[in-house]
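Undergrad: sequence and predicted model, in that order:
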Amino acid sequence: MSLLKEALTFATGILILVAFIVPMVGLAVGLPVNAPVLTANGVELPQIAPFASSLVATSSTVWDVVMNFDQDISTPAVVADGTPSFDFTNGTLQVVNDCGDANAKTYCFTYVPPSGIEAAVFWFFRVSGAANAANDYMATTTYRFIVDTAGPILSFTGVASTELPTVEGDSSFGSATVNITFSDASLSRTYQTTAAGGFWSLTLQPGDELPPGTYSIVAIGIDQYQNIGAPIVTSVTVPDTIPPVLAESAAIASSTNTTPSYTFTSSEFANLAYGGGCASQTLTAATGTNTIVFDALVPGDYPFCIITPTDGASNVGATLNVTAFTIALPPASNIPTDKDQCKKNGWKTFTNPSFKNQGDCVSFVEKKDHDDEDRMESDKKDKDDKERKNEDERQKKDQGNRDNRDSRRHN
Ligand SMILES: [Ca+2]
Ligand SMILES: [Ca+2]
C-alpha cells in the first residue's frame, strides 16, 4: 500500500509542478496558439493521417480558404503552399487577411494553385506564426491536399499512313482520354480513345477512310480532373491507290460530222490517252463531266475507240470503250436531169439543191441543158479548130513533098 501511496504522491507532485510551471512559461512567451481548422471551399483539410485525398486543386481551382482559430489572433498567420521536400520554396506565400468579418479568430486567403503540375502530387499549406507574433507563438502545421493542374503530356509513337491510319502514343496519365483530330482544308474529324497503362492507339475503321492527301493530326489528352493537356501535332499522308474511273455519258450519234464531241465522267483528275483510231487534243479530264472533241475522222465505222485515264499517282484506270459510232459519207448530190422529174411533186424530192416549186426545178433543168449545150458546142468548136489545124499541117507537108519531087525532076 505504501508503494501506491508513494506513486500517487509522486504523480501529485508532478501535477502540482506542471500546474505552476506552465502558466509561468505561458506568461513569459505567450501561450501556444492551437493550429487553426483550415477549410477550402467549405471542406476541412486534414493535418494528420489519414489525409483526405478527395480535395484536389485542379487547373480550374480557385479556393476560398478560411482559417478558424480557437482564440483571437492579433497577427495573421503566415501561409505558404508547396511541399516539405522543397521546404516550400516551390510554392508561394499566400496573402492572408481578415475575412472582412471583424472576427479576430478567422483569417482568410484566396488560393490559386500553381499551374503546370502534372501528374497529381501531394501538396501542402504550411501555417506558421508570424515572426513578430511574440504573443501568438504557433507551432508550424501543414495541411495536405492534391494538386494536378496540367493535362496529360502526350507524345506520338507511331503513325501508319493508309486510308485507315493508325495513330499511337504515350500519355503521362495512364488512363487519359485522348481526342484525336484529322483535318485538311476540306475535312475535319475528331475521334476519341482512352489510354491504358500510359499507352493509347486509334485506328480508323472501315467507312471512315480518308481520301488521298495529307492531313494534320492533333492529339489532346484529358485527365481524371478534366485538365486538358497541350495539343501535340503530326501529320499523315494517305497515298492515292485508287485509279481514276471513266464512264460514258452519251454515245456518239452517227452523223456526217467528222469531229464529233464525246461526253464522259471521270472520278478524279486524270491524264487521257486515246487509241483505237481516235485521238483528241484534250489530254486531261477533270473530276465530273468532261466533253472532248475527236480529231477529224474519215467517214467510216469506229468500233474500237478507247480512252485510258492515269491519275497523278500513276494509277492507270480501266479503259473506257467508246460505244461504236459511224461517220457517214456526206450525201451525194442528186439533181434533176429531166424536166419530167420535176413534175408530180417530184421537185420536192430534191435536197441538194432543193427547189421552191416545180417551176424552180424546171428552170434548173433548162439552165443545165443550156449550159450543157454551150459546153458541147464549145467542145465541138475546139475539136473543129484542132482538126482544121491538123489539115493545114498535112497540106503543108504534102506541098513540101511535091516541091521536093519537082525539084529532083528538074535536076
Ligand atoms: Ca493531370
Ligand atoms: Ca486516284
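TA: Okay, I see it. Ligands and ions are numbered 1, 2, ... in the order given.
Undergrad: avg pLDDT for whichever strand or helix holds residue 388?
TA: Following DSSP states H and E, the helix or strand that holds residue 388 is helix 358-410. Across helix 358-410, the average pLDDT comes to 72.
Undergrad: got it, and stretch 102-120?
TA: 93.
Undergrad: ligand 1 versus residue 110, what's the distance?
TA: According to Cβ to the ion, to the nearest Å, residue 110 and ligand 1 sit 22 Å apart. C-betas here are computed from N, CA, C, even on glycine.
Undergrad: please name the bridge partners of that residue.
TA: Beta bridges link residue 110 to residue 64 when assigned by DSSP bridges.
Undergrad: wait, does the longest strand along the chain contact ligand 2?
TA: Counting by DSSP state E, the longest strand found in the chain is strand 213-222. No - shown here: strand 213-222 not in contact with ligand 2 (Cβ under 5 Å from the ion), separated by at least 10.8 Å.
Undergrad: quick check: next helix or strand after that strand?
TA: For strand 213-222, the succeeding helix or strand toward the C-terminus, using DSSP H and E, is strand 232-238.
Undergrad: tell me the angle the longest strand of the chain makes with strand 232-238.
TA: Here strand 213-222 runs at an angle of 150 degrees relative to strand 232-238 (axes from the mean of the first three to the mean of the last three Cα atoms, to 10 degrees).
Undergrad: how about strand 213-222 and ligand 1, touching?
TA: No - contact of strand 213-222 with ligand 1 (Cβ under 5 Å from the ion) is absent, the minimum separation being 8.5 Å.
Undergrad: what helices or strands is that strand leaning on?
TA: Packed against strand 213-222 by the contact rule (3 or more Cβ pairs under 8 Å, 6 or more residues apart in numbering; DSSP states H and E) you find strand 154-160, strand 166-171, strand 177-184, strand 232-238.
Undergrad: how about JSON lines for those strands, with mean neighbour count and mean pLDDT added?
TA: Conversion of those to JSON lines gives the following (neighbours: other Cβ atoms under 10 Å; pLDDT from 0 to 100):
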{"stretch": "strand 154-160", "mean neighbour count": "14", "mean pLDDT": "97"}
{"stretch": "strand 166-171", "mean neighbour count": "20", "mean pLDDT": "98"}
{"stretch": "strand 177-184", "mean neighbour count": "18", "mean pLDDT": "98"}
{"stretch": "strand 232-238", "mean neighbour count": "15", "mean pLDDT": "97"}
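Undergrad: of all those, which lies closest to ligand 2?
TA: In terms of Cβ to the ion, the element of the helices and strands packed on strand 213-222 nearest to ligand 2 is strand 232-238, at 10.9 Å.
Undergrad: close to ligand 2: what parts of this structure are there?
TA: For the chain, the residues in contact with ligand 2 (Cβ under 5 Å from the ion) are 240, 242, 311, 315.
Undergrad: again, only this time at 6 Å
TA: Counting by Cβ under 6 Å from the ion, the positions of the chain adjacent to ligand 2 are 240, 242-244, 268, 311, 313, 315.
Undergrad: ok, those vs ligand 1, which is closest?
TA: Nearest to ligand 1 among these, with distances taken as Cβ to the ion, is residue 240, at 40.7 Å.
Undergrad: show me the domain layout of this structure.
TA: As assigned by automatic domain parsing, the chain contains the domains 37-148, 154-238, 246-327, 340-388.
Undergrad: can you say which of those domains is nearest to residue 334?
TA: domain 340-388 (6.1 Å; Cβ to Cβ).
Undergrad: returning to that earlier point: now the domains of the chain as CSV including distance to residue 394?
TA: Shown next, in CSV, are the domains of the chain (distance: least, Cβ to Cβ, whole Å):
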stretch, distance to residue 394
domain 37-148, 128
domain 154-238, 92
domain 246-327, 52
domain 340-388, 10
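Undergrad: select only the buried ones of the residues of the chain next to ligand 2 in ChimeraX?
TA: A single ChimeraX command selects the buried members of the residues of the chain next to ligand 2 (16 or more other Cβ atoms under 10 Å):
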select :240,242,243,244,268,311,315
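Undergrad: looking at the residues of the chain next to ligand 2, which is nearest residue 332?
TA: Distances from residue 332 to those, taken as Cβ to Cβ, are shortest for residue 244 (43.7 Å).
Undergrad: surely that closest one is in contact with residue 265?
TA: No - Residue 244 is not in contact with residue 265 according to Cβ atoms under 8 Å; the separation is 10.2 Å.
Undergrad: for the stretch 1-150 of the chain, what lies in contact range of ligand 1?
TA: Counting by Cβ under 6 Å from the ion, the positions of the stretch 1-150 of the chain adjacent to ligand 1 are 118-119, 148, 150.
Undergrad: in ChimeraX, select just the buried ones from those residues.
TA: Command for ChimeraX, covering only those of those found buried under the criterion 16+ other Cβ under 10 Å:
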select :118,119,148,150
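Undergrad: return the distance of residue 76 relative to ligand 1.
TA: Noted for residue 76: a distance of 32 Å to ligand 1, by Cβ to the ion.
Undergrad: if residue 44 is in a bridge, with which residues?
TA: Listed beta-bridge partners, residue 44: residue 39 (assigned using DSSP bridges).
Undergrad: show me where the stretch 201-350 of the chain has its strands.
TA: 213-222, 232-238, 246-250, 261-266, 270-275, 284-285, 288-293, 300-302, 306-310, 320-321, 325-327 (DSSP state E, counting those that start in this stretch).
Undergrad: could you dump these to JSON lines with distance to residue 42?
TA: Shown next, in JSON lines, are the strands of the stretch 201-350 of the chain (distance: least, Cβ to Cβ, whole Å):
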{"stretch": "strand 213-222", "distance to residue 42": "27"}
{"stretch": "strand 232-238", "distance to residue 42": "38"}
{"stretch": "strand 246-250", "distance to residue 42": "71"}
{"stretch": "strand 261-266", "distance to residue 42": "69"}
{"stretch": "strand 270-275", "distance to residue 42": "70"}
{"stretch": "strand 284-285", "distance to residue 42": "71"}
{"stretch": "strand 288-293", "distance to residue 42": "66"}
{"stretch": "strand 300-302", "distance to residue 42": "90"}
{"stretch": "strand 306-310", "distance to residue 42": "72"}
{"stretch": "strand 320-321", "distance to residue 42": "76"}
{"stretch": "strand 325-327", "distance to residue 42": "88"}
